[in-house]
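> show me how the following folds:
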Amino acid sequence: MDRRLRRVTSTGRVRWIRTEELTAAELAAVRALLLAAFGPDDYAETDWTNALGGTHFLVNEDSAVVAHASVVERELRIGERPGVTVLRTGYVEAVATAPERQGRGLGTIVMEAATDHIRERYELGALDTSSHHFYERLGWQRWRGQLFVRTQDGEQRTPEEEGYVLVLRTPTSPLLDLDAPMSCDWRPGDVW
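Okay, the predicted model is just below:
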């Protein structure tokens, strides 16, 4: 079986594909889905660019993209100096289901595929959400420690994000203290 067809669903298959392999039409379809799911006022240009450069998980129905999630690689650091642990992290972005298809399990299907991908390839998974229950039932855990972003001027605390970041342990994760401080690399838009 083609490894890029990860799960058979009642509506077809979850397909995974790298950003650079998506056609212009597929990229436009994913972006249209995200705008329909979140609305143009809640989905900024930086949200879109932060979802690119990794692996996308797609469910298509009748050639339309109806569910999506992406995983991009980021570097998270846990703990305080001198004992900081640096982890290659699969960071989840742009999880969405077409509004008319919501409630049918399609979001769960793409997130199960993304979660499997992270467990196979990364030391840690992470995401930022206010929908804790959706992810916690898939094995994600809430990070309880303080959060920071690394900038050219040093680490800056991001208290507004605390309580919203979830992590996923993988077979290669070190022992994690969920109450320790954690920092992410800076990027435009939402840093977490």
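> next helix or strand past the strand ranked longest in the chain?
Longest strand of the chain, by residue count under DSSP state E: strand 64-78. The helix or strand immediately downstream of strand 64-78 is strand 85-97, counting by DSSP states H and E.
> and the average pLDDT for the helix or strand that that next one is followed by is what?
Following strand 85-97 in sequence order, the next helix or strand is helix 106-121 (DSSP H and E). Confidence for helix 106-121, expressed as mean pLDDT, is 97.
> next one: stretch 129-144
pLDDT averaged over stretch 129-144 gives 96.
> list the contacts of it.
Residues outside stretch 129-144 that contact it (C-beta atoms under 8 Å, 6 or more residues apart in numbering): 107-108, 111-112, 115, 125-127, 163-169, 178-179, 182. Glycine gets a C-beta too; all of them are placed from N, C-alpha and C.
> hang on, the earlier thing: partner strands of the longest strand of the chain, parallel or antiparallel?
Sheet pairing for strand 64-78, assigned by DSSP bridges, gives strand 55-61 (antiparallel), strand 85-97 (antiparallel), strand 182-185 (antiparallel).
> reformat these as JSON lines; add distance to Thr19, mean pLDDT and mean neighbour count.
Shown next, in JSON lines, are these (distance: least, C-beta to C-beta, whole Å; pLDDT from 0 to 100; neighbours: other C-beta atoms under 10 Å):
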{"stretch": "strand 55-61", "distance to Thr19": "7", "mean pLDDT": "96", "mean neighbour count": "22"}
{"stretch": "strand 85-97", "distance to Thr19": "11", "mean pLDDT": "97", "mean neighbour count": "22"}
{"stretch": "strand 182-185", "distance to Thr19": "18", "mean pLDDT": "97", "mean neighbour count": "22"}
